[in-house]
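Visitor: Give me a model of this one.
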Amino acid sequence: MPKVHVFARDHINTDEIIPARHLTTDVESELAKYAMEDYDKDFVRRVEPGDIIVAGADFGCGSSREHAVWALRGAGVAAVIAPNFARIYYRNSINNGFLALECDGIVEAFQDGDPADLDLKGGTITNTRTGQQLTFVPVPQFALDVQKAGGWLEYMKANDQAALEAETLNAHSTQAGHGHPGQEEQHA
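Guide: The predicted structure follows:
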């Protein structure tokens, strides 16, 4: 079961998520080595794949950099849950297929290391130590589709490929005199 890492302070900025001195690469596994380094130097030793960050308001403020999302994802973080996010961080999260979930009262509901059950479909997170359950702002289906694809580029590639295949099928069908798929042939 995933555990929660609590960063309760508001306004944790992208320089704290991934310090600027480490922006010499865009390789997630390299960035992951320095995730949250200036806030908690032991974070990368404690985090395990699937863990969740619970944070204060305005998480991801400051500089606009996708590296902040990449560092956390590379470290194995499955989601960040906060009362709200800096707008650019939230957009970068969606674009990179990373979950940024808004939930009031989240910081007060968890202690560092608490186990959590995250139910995306139900829109809830439960502290399995205390039994407390909170509801988060539902994730739009489109954002879930992008997340499932692995990010905006992967989503577009998959959908462009599907559109290309449909167009190719349609073109072949029309050239063969069959009209559009699903249409009845009309005889004069």
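
Visitor: What is the neighbour count of residue 11?
Guide: 14 (other CB atoms under 10 Å). C-beta coordinates here come from the backbone N, C-alpha and C atoms, glycine included.

Visitor: my guess is residue 73 meets residue 98, correct?
Guide: Yes. Using CB atoms under 8 Å, residue 73 makes contact with residue 98 at a distance of 5.2 Å.

Visitor: where does the protein have its least confident helix or strand?
Guide: One helix or strand of the chain scores below all others by mean pLDDT, DSSP states H and E: helix 152-175, with a mean of 69.

Visitor: what about residue 54, distance to residue 151?
Guide: Separation of residue 54 from residue 151 (CB to CB, to the nearest Å): 23 Å.

Visitor: Quick one: residues contacting residue 22.
Guide: Counting by CB atoms under 8 Å, 6 or more residues apart in numbering, residue 22 makes contact with 30, 31, 33, 34, 37.

Visitor: and the fourth one, which of the three is it?
Guide: Okay, so that is residue 34. coil (DSSP: H, G, I helix; E, B strand; the rest coil).

Visitor: if I look at it, how far off is residue 18?
Guide: Taken as CB to CB, the span from residue 34 to residue 18 is 6 Å.

Visitor: shared neighbours, the two?
Guide: Listed as contacting both residue 34 and residue 18 by CB under 8 Å, 6+ apart are residue 71.

Visitor: Next secondary structure after the helix or strand containing residue 108?
Guide: Element membership for residue 108 (DSSP states H and E) is helix 106-109. Counting by DSSP H and E, the next helix or strand C-terminal to helix 106-109 is strand 116-119.
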